[in-house]
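> Build me a model:
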Amino acid sequence: MLLRRVTEHVKQQNWFAVTIDFFIVVLGVFIGLQVANWNAARDARTDEQALILRLEADFEVITSIFDDTLEVLPTYLDATRNLVAVARGEIELPEYQLKSSAYWSQSLGRPPLRSTTYDQLVSSGDFSLIRDATLRDALVRYHQSVDRQSFLYTQTLSHLVSMADYMDIPIQLLDTDTEISFPLPKEVLDEISVDHEALKASEGAFEILLTLQFNLHRASIEQNALAGNVKAALERILE
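Sure thing, here's the model as predicted:
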């Protein structure tokens, strides 16, 4: 219809009418593009809202686990400090306390936790869907800290493996999914044996372990604060 009218106006050399027809076409295209852009923007905001809610759920779990981890990490540090003092000959511990310290010195808490939603956003190239710059920055900083701590966690585990000669702890007792109460029950202590001579000869190894565990503890405190920044940004957006 419009094309036929334009053709008729050209034949009639009615240039004013042709100009009007031209602007009608341009306006129609413009409106069509704007509607498409508005629909795309609306879909993007819907996707963003869903992502915000998923991130909130991720960090509810992450901060909850941090609360538990930071509560027990001082126990692990104290256990390793006890073994360092024993290895130096500064103190002597009763057998049950020595075994308990040996057990808890092998504990590092949970490995650093990542947000699966964040990883999916980065891998899919959709991180730009998150419009809030403060939230984006908080997410990046948190996961950079996770990457650093993951390297430290692996180093500490490797060091623990190299120290296995001074004691014998059944592997099932070190399973992170196994619930072990504090203090250790007698049936657990009975399964643990400590080589006193090897322990005394391992002063340097225990000092290194104590340093690694201290750094893990400090990294966990930093990470917990960074996770808190993410939660604060999410709560502000969801208000």
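
> which residues in the chain form helices?
2-11, 15-88, 95-105, 116-124, 133-162, 186-189, 196-200, 203-238 (DSSP state H).

> for those, which one ends up most surrounded?
Neighbour counts (mean count of other Cβ atoms under 10 Å) averaged over each of those peak at helix 95-105, with a mean of 20. Quick note: C-beta positions are derived from backbone N, CA and C, even for glycine.

> Need the mean per-residue confidence for that one.
In this model, helix 95-105 has an average pLDDT of 86.

> And for stretch 232-239?
89.

> Can you report phi and psi for residue 91?
phi -140, psi 160 (degrees, to the nearest 10).

> What's the local residue count around it?
10 (other Cβ atoms under 10 Å).

> Quick check: it touching residue 81?
No - with contact defined as Cβ atoms under 8 Å, residue 91 does not reach residue 81; the gap is 10.0 Å.

> Next up, phi/psi of the most centrally placed residue in the chain, please.
Geometric centre of the chain, nearest residue: residue 114, 2.6 Å, by Cα atoms, centre = their mean. Here is the backbone geometry of residue 114 (degrees, to the nearest 10): phi -100, psi 160.

> what's near enough to touch it?
Counting by Cβ atoms under 8 Å, 6 or more residues apart in numbering, residue 114 touches 143, 146.

> do residue 101 as well
By Cβ under 8 Å, 6+ apart, the residues touching residue 101 are 78-80, 82-83, 86, 93.

> could those residues go into a markdown table alongside distance to residue 216?
What follows is those, written out as a markdown table (distance: Cβ to Cβ, whole Å):
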| residue | distance to residue 216 |
| --- | --- |
| 78 | 14 |
| 79 | 14 |
| 80 | 11 |
| 82 | 18 |
| 83 | 16 |
| 86 | 22 |
| 93 | 24 |
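
> Now flag whichever of these is closest to residue 236.
residue 78 (38.1 Å; Cβ to Cβ).

> measure the closest one to residue 124 for me?
Residue 78 sits at a distance of 44 Å from residue 124 (criterion: Cβ to Cβ, to the nearest Å).

> do residue 213 as well
36 Å.

> low-scoring pLDDT stretches of this structure, where are they?
1-47, 164-182 (pLDDT under 70).

> Let's see that with 90 instead.
Low-confidence segments of the chain (pLDDT under 90): 1-52, 64-76, 87-89, 91-113, 124-132, 148-206, 216-217, 219-220, 237-239.

> Phi and psi next, for residue 125.
Dihedral angles (degrees, to the nearest 10) for residue 125: phi 80, psi 20.

> what's the neighbour count on it?
Neighbour number of residue 125 under other Cβ under 10 Å is 8.

> So that it lines up with my notes, have the first residue be 71 from now on.
Okay, using 71 as the starting number, the last item reads as residue 195.

> Contacts only, for it.
Counted by Cβ under 8 Å, 6+ apart, residue 195 has zero contacts.

> what's the distance between it and residue 202?
18 Å.

> Ok, residue 308 next?
11 Å.

> next one: residue 196
Distance from residue 196 to residue 202, by Cβ to Cβ: 15 Å.

> Name all residues that make contact with residue 187.
121, 124-125, 128.

> rerun that using 6 Å as the cut-off
124-125, 128 (Cβ atoms under 6 Å, 6 or more residues apart in numbering).
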